[in-house]
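here is a sequence with its predicted model. Questions after.
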Amino acid sequence: MLPPGRRLVFWLAHACSLGSGLACSAPPPALPPSPGAHAAEACAAPIELEYEGTLDREGHFARPFARATVNVRWHVVWDGGATLRLDWTEWEADRDRAAAETATTWFVGDRAWSDGPVDAVDARALRAAARSTLPCATPRHQRVAHPRLGDVVEDATFAAPVVQNGVSLPSAIHLSAALRDNSWVAELRLTRATPIDARSSLLRPPVIPAARLPLAPRITEVASGVWTFDLDDVDARTVVVELPEGLAAIDAPLGSDVGERLVDAIETKFPDRSIRYLFVGHYHPHYTGGARAFLAAGATVVAPPKTAAFVDWLAARPFTLAPDRFAREHASPQIQSFEGRFEVGDAARGIIAINIGAASAHTDEYTVFFVTGPHVLIEDDVGWFSSPEGGLRASGRARGVFEALAREKLDVTTMLQVWPVRTQEPTLSFDAWRSLVVARGAGR
């Protein structure tokens, strides 16, 4: 565990970037609400809006707390009532906008749909952000309970209103939101506002089924003493390895809500064994987001230094709005960092954790796990994916992992990938994976 002084400094240094609610700098000057005075009918008139600007995001980059800015275009269509459509296009500054893909999210009543049911955390945050673009929206500064980050602040502030086609709207909007696996700040400017007929073809949502209910994990023994616990409803997986000294979990996905479901399933499956370790492959939310649940269960988190420090920061996050188990139990985090390699267990069944770092072409610290005995290599998300043409193809980052394994001289017979869960089988023979890597070539 990091010393208390280092934990406080580390937390204060990075809390502002993730909506801790701390007064980290002077607040911006108050902006007028949007719009000023409006007739009630204008506030509920069907409308089509376009905004463009930038979006600054955290959560999926090479190192903890790194951020990146992309260009965004929001196309918002509203029927004046319960149906709202958000077409979201984003592209990097050095990329061709024409090649950018657009994702459409529908909000109909309390349901949300994109290419499938939208996660409840994402649906709440996106709905609030999209509704902040509508006529008569009001400024918002709201503390929200988040399953990964705890107490966060989401806000919406507006620049002076302008009139387009007889409708008064803010000329610019500042928005912040915390989604399931990333948080962002957007600066948007109004580019178009057009009143429309509520019967417009733009307002014909698909049939939206009820939200996906939480499911019990699918539990599979993929090799002797190596188990996968899969949650299809959130596309998440934890791997469990039976060791002589107890259980080792590999990866804790998404948030305390998901982590607690997995801990409960593991403890039910192995009632006489404790979760001794939680290993995390890299810091991204699919692998660290549920760490607090495993810390509450008494596990020691094992990770390279930067990832271990990030988990320690997550453990220090305030969870006062919706306390998770770790907050309710006032537990102290047990966190152990390592450089290079870390080994537990024995030759019959053990884990060799190897930080291959930048060789992953993904994150600065990236740990793979070799299970002795069954000769299984576990990696998070850079091995292979389903091909649009059918079958599988190696990830563009797979060669770095392949070359790192060759340097370590590990006798791997089976590859096990943690994510994605819904779209492909989790295991491949090493020979099959090597063939995919060779076919892919050296390109990243």
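Thanks, I have the structure now. Given the structure is predicted, the values throughout are model-derived calculations rather than measurements. Numbers count the residues shown, from 1 in each chain.

only C-alpha atoms for contact and neighbour calcs from this point on.
Will do.

contacting residues around Ser274?
Ser274 makes contacts with Gly246, Leu247, Glu267, as judged by C-alpha atoms under 8 Å, 6 or more residues apart in numbering.

which parts of this protein are helices?
Applying DSSP state H to the chain gives helices spanning 4-15, 40-43, 120-131, 256-269, 285-288, 291-296, 305-316, 325-328, 398-408, 430-440.

pick the most buried one from these.
helix 291-296 (a mean of 27; mean count of other C-alpha atoms under 10 Å).

CA atoms of it as PDB?
Written as PDB, here are the backbone C-alpha positions of helix 291-296 (Å, rounded to 0.1, in the frame of the first residue of the first chain):
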ATOM      1  CA  ALA A 291     -11.200  -3.100  -7.600                       C
ATOM      2  CA  ARG A 292     -12.800  -1.700  -4.500                       C
ATOM      3  CA  ALA A 293     -15.100  -4.700  -4.300                       C
ATOM      4  CA  PHE A 294     -12.100  -7.000  -4.200                       C
ATOM      5  CA  LEU A 295     -10.300  -4.800  -1.700                       C
ATOM      6  CA  ALA A 296     -13.500  -5.000   0.500                       C
END
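
residues in contact with that helix?
With C-alpha under 8 Å, 6+ apart, helix 291-296 has contacts from 251-253, 255-256, 259-260, 263, 275, 278, 301, 311, 314-315, 324-326, 329, 331, 333-334.

mean confidence score for it?
If you average the pLDDT over helix 291-296, you get 98.

what's the answer for stretch 394-407, then?
Mean per-residue pLDDT for stretch 394-407: 94.

how close does the closest residue to Ala44 other than its chain neighbours sit to Arg199?
Closest residue to Ala44 apart from its sequence neighbours, by C-alpha to C-alpha, 6 or more residues apart in numbering: Gly80 at 4.4 Å. Gly80 sits 11 Å away from Arg199, taking C-alpha to C-alpha, to the nearest Å as the criterion.

which of these two has more neighbours?
Under the criterion of other C-alpha atoms under 10 Å, the comparison of Gly80 against Arg199 puts Gly80 first, with 19 against 10.

for the more buried one, give me phi and psi.
When read as degrees, to the nearest 10, the backbone of Gly80 gives phi 90, psi 0.

ranges for the strands of the stretch 201-350 of the chain?
With DSSP state E, counting those that start in this stretch, the ranges of strands along the stretch 201-350 of the chain come out as 218-223, 226-231, 236-243, 246-250, 275-279, 300-303, 334-337, 341-345, 350-355.

which of the ones you listed sits most buried?
Of all these, strand 300-303 carries the top mean neighbour count, a mean of 26, counting by mean count of other C-alpha under 10 Å.

tell me which other helices or strands that one touches.
Applying 3 or more C-alpha pairs under 8 Å, 6 or more residues apart in numbering; DSSP states H and E, we find strand 300-303 packed against strand 275-279, strand 334-337.

out of the ones you listed, which is closest to Trp419?
Closest of those to Trp419 is strand 275-279, at 15.2 Å (criterion: C-alpha to C-alpha).

against which helices or strands is that closest one packed?
Using 3+ C-alpha pairs under 8 Å, 6+ apart: strand 275-279 touches strand 246-250, helix 291-296, strand 300-303.

can you tell which of the ones you listed is closest to Trp184?
For Trp184, the closest of these is helix 291-296, at 21.7 Å, according to C-alpha to C-alpha.

how far away from the center of its chain is that closest one?
Distance of helix 291-296 from the chain centroid (C-alpha atoms, centre = their mean, to the nearest Å) equals 17 Å.

ok, now stretch 262-281?
The answer for stretch 262-281 is 22 Å, by C-alpha atoms, centre = their mean.

span of it from start to end?
17 Å.

show me the residues around the closest residue to Val418 other than its chain neighbours that make contact.
Closest residue to Val418 apart from its sequence neighbours, by C-alpha to C-alpha, 6+ apart: Asp380 at 4.7 Å. The contact partners of Asp380, by C-alpha under 8 Å, 6+ apart, come to Gly281, His282, Tyr287, Val368, Gln417, Val418, Trp419.

adding distance to Gly400 and pLDDT, write these out as JSON lines.
Listed next are the contacts of Asp380 as JSON lines, based on distance: C-alpha to C-alpha, whole Å; pLDDT from 0 to 100:
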{"residue": "Gly281", "distance to Gly400": "15", "pLDDT": "98"}
{"residue": "His282", "distance to Gly400": "15", "pLDDT": "98"}
{"residue": "Tyr287", "distance to Gly400": "20", "pLDDT": "98"}
{"residue": "Val368", "distance to Gly400": "12", "pLDDT": "98"}
{"residue": "Gln417", "distance to Gly400": "15", "pLDDT": "98"}
{"residue": "Val418", "distance to Gly400": "17", "pLDDT": "97"}
{"residue": "Trp419", "distance to Gly400": "18", "pLDDT": "97"}
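
so which of these is the closest to Pro135?
Closest to Pro135, out of all of these and judged by C-alpha to C-alpha, is Tyr287, at 39.6 Å.

in contact with the closest one, which residues?
Asp251, Ala252, Pro253, Leu254, Val280, Gly281, Asp380.

tell me which residue is most central in this protein.
Asp181 (1.8 Å; C-alpha atoms, centre = their mean).

with adjacent residues omitted, what lies nearest to that one?
Excluding its sequence neighbours, the residue lying closest to Asp181 (C-alpha to C-alpha, 6+ apart) is Pro285, at 5.4 Å.

could you measure from that neighbour over to Leu278?
15 Å.

got it, and Trp433?
In this view, Trp433 and Leu278 are 26 Å apart by C-alpha to C-alpha.

equivalent analysis for Ala398, please.
Taken as C-alpha to C-alpha, the span from Ala398 to Leu278 is 24 Å.
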